[in-house]
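Novice: Any chance you can model this:
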Amino acid sequence: MKKGLIITAAILFFLSLMAVLAAAYVIFMPNTKNKSDVTITIPWGTDYEQLLDTLEAHSILRNEETFDMVAHYMKYKTIRVGNYTIQPGMSNVKLVRLLRAGQHYPVKFSFNNIRTVDQLANRAGKVFFFKEEELSELLHDNTFLHQYNVNEETCPCLFIPNSYELYYDITPEGFVEKFHQFYRLFWNKQRLQQAQEIGLTPVEVATLASIVEEENHRPQEKAIIAGLYINRLNKNMLLQSDPTVKFALGDFARKRILLADLQVDSPYNTYKYKGLPPGPIRIPEGSTIDSVLHYAHHNYLYMCAKEDFSGYHNFTSSAAVHQQNAVRYQRALNARNITH
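Specialist: Okay, here's the model as predicted:
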């Protein structure tokens, strides 16, 4: 009788041990069969069954049933979006932990020297989970942009170049919303007051700043150029800004504007249409916006690039002197055989 109890106990112990070992095998032993790192993408709206389909499509799991058991045991229910790198030989528990943790972590996003929102979307698409096309589409969607009181022409003003920290898995809509918050922080009470004092809205300030920045990004001239264009606006003169013509032509690589170019029929052509163009011709720096808000007070009405190609300009209030400056610059272009 006693011997039978010992045998029974031994059998139960052995069975329990086998159960523990089996459970350990299911949980901790390698269950990914890929021989090198494989990156899978889990998009928004993915459910658990679709996740299993993705793992199967990439030939990740040796045994789907054991993965399913561990996922159920660990209460893995919320499927988080992101790009996940699956390493060879991962256990079920390690894989579930990786997927359950998600990609919700902050990343640095810096940008400057950006002209268009499409270029911004391209840069953002390399950093965040969303695709650049998704953000670009939003930034051309006037119905979506209406909630921010902008349209596709004026929405570049929402983005102030700087370094920011946002979450990797932010949606395109969340991205725009976040930058609208940054925009409102930038346009504090003081800047709003300064814009009102010079008779411009924040969007108009950003639009003028974009022209100033295209004329010369150097700090020494930005406030002078801003003052010149404000003088022209106040006198109801055409701005006659070459960068706006380049924008209208879609060609910022041009080094020379020809008389024929000035005939392009576009609201951005400030040789044909008075006032500011419909929106910014680039995404201006915050410092350039401040150069407009603190523009230099003078009587200049004309500017022409210096013939030494230093990037600086000759300023004057005289149309005759400006014509002389322009002739010298045209001769310098001819001497270098710059035709367009």
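Novice: is it true that residue 82 touches residue 169?
Specialist: Yes: with contact defined as CB atoms under 8 Å, residue 82 counts as touching residue 169 (5.8 Å). Heads up, the C-betas are built off the backbone N, CA and C, glycines and all.
Novice: Overlap of the contact sets of those two?
Specialist: Any residue near both residue 82 and residue 169 by CB atoms under 8 Å, 6 or more residues apart in numbering counts here, and that gives 102, 103, 129.
Novice: Check the gap between the first one and residue 168 for me.
Specialist: The one in question is residue 102. Distance check for residue 102 against residue 168: by CB to CB, to the nearest Å, it reads 9 Å.
Novice: between those two, what contacts are shared?
Specialist: Jointly contacting residue 102 and residue 168 under the rule CB under 8 Å, 6+ apart are residue 82.
Novice: State whether residue 165 is indeed within a strand.
Specialist: Yes: secondary structure of residue 165 (DSSP: H, G, I helix; E, B strand; the rest coil): part of a strand.
Novice: which residues does the residue lying closest to it once chain neighbours are set aside contact?
Specialist: What sits nearest to residue 165 in space, not counting adjacent residues and going by CB to CB, 6 or more residues apart in numbering, is residue 106, at 4.9 Å. Taking CB under 8 Å, 6+ apart, we find residue 106 in contact with 165, 166, 167, 168.
Novice: Residue 106 pairs with what?
Specialist: With DSSP bridges as the criterion, residue 106 is bridged to residue 167.
Novice: quick revisit: just name the closest of the contacts of residue 106 to residue 248, please.
Specialist: Closest approach between those and residue 248, by CB to CB: residue 166, at 33.5 Å.
Novice: Mind putting the shared contacts of residue 82 and residue 169 into a markdown table with secondary structure?
Specialist: Below are the shared contacts of residue 82 and residue 169 laid out as a markdown table (three-state DSSP):
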| residue | secondary structure |
| --- | --- |
| 102 | coil |
| 103 | coil |
| 129 | coil |
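Novice: most surrounded residue in these?
Specialist: Within the shared contacts of residue 82 and residue 169, most neighbours by other CB atoms under 10 Å means residue 129, with 21 neighbours.
Novice: How many residues are close by the closest residue to it other than its chain neighbours?
Specialist: Leaving aside its chain neighbours, residue 129 sits nearest to residue 169 (4.9 Å; criterion: CB to CB, 6+ apart). By other CB under 10 Å, 19 other residues sit near residue 169.
Novice: How about residues contacting stretch 319-335?
Specialist: Stretch 319-335 has contacts (CB under 8 Å, 6+ apart) with 255-256, 301-309, 314, 316, 339.
Novice: out of those, who has the most neighbours?
Specialist: In terms of neighbours by other CB under 10 Å, those top out with residue 303 at 23 neighbours.
Novice: how far is the helix or strand encompassing that residue from where the chain is centred?
Specialist: In this structure, residue 303 sits in strand 302-305 according to DSSP states H and E. Offset of strand 302-305 from its chain centre (CA atoms, centre = their mean, to the nearest Å): 33 Å.
Novice: What does the pLDDT read for residue 127?
Specialist: Listed pLDDT for residue 127 reads 94.
Novice: Show me what the strand holding residue 303 is packed against.
Specialist: Here strand 302-305 touches helix 219-234, strand 313-316, helix 319-335, going by 3 or more CB pairs under 8 Å, 6 or more residues apart in numbering; DSSP states H and E.
Novice: Which parts of the first one count as buried, going by neighbours?
Specialist: So that's helix 219-234. Buried residues in helix 219-234, counted by 16 or more other CB atoms under 10 Å: 221-233.
Novice: contacting residues around residue 317?
Specialist: Applying CB under 8 Å, 6+ apart, the residues near residue 317 are 299, 300, 301, 302.
Novice: Tell me the one among these nearest to residue 184.
Specialist: Nearest member of those to residue 184, counting by CB to CB, is residue 300, at 33.5 Å.
Novice: now the helices: where do they sit in the protein?
Specialist: Ranges of helices in the chain, per DSSP state H, are 2-28, 48-57, 64-73, 92-101, 117-125, 132-138, 142-145, 172-186, 189-197, 202-215, 219-234, 242-249, 286-293, 319-335.
Novice: Comparing those helices, which stretch has the densest surroundings?
Specialist: Compared across the helices of the chain, helix 202-215 shows the largest average neighbour count, a mean of 25 (mean count of other CB atoms under 10 Å).
Novice: what comes into contact with it?
Specialist: Residues outside helix 202-215 that contact it (CB under 8 Å, 6+ apart): 150, 154, 156-157, 187, 191-192, 195, 198, 200, 221-222, 225-226, 229-230, 239, 241-244, 246, 252, 276-277, 279-285, 288-289, 291-293, 303, 313.
Novice: give me the number of residues near residue 298?
Specialist: Neighbour tally, residue 298, other CB under 10 Å: 13.
Novice: these two touch, right, it and residue 227?
Specialist: Yes: contact criterion CB under 8 Å: residue 298 and residue 227 qualify, at 5.5 Å.
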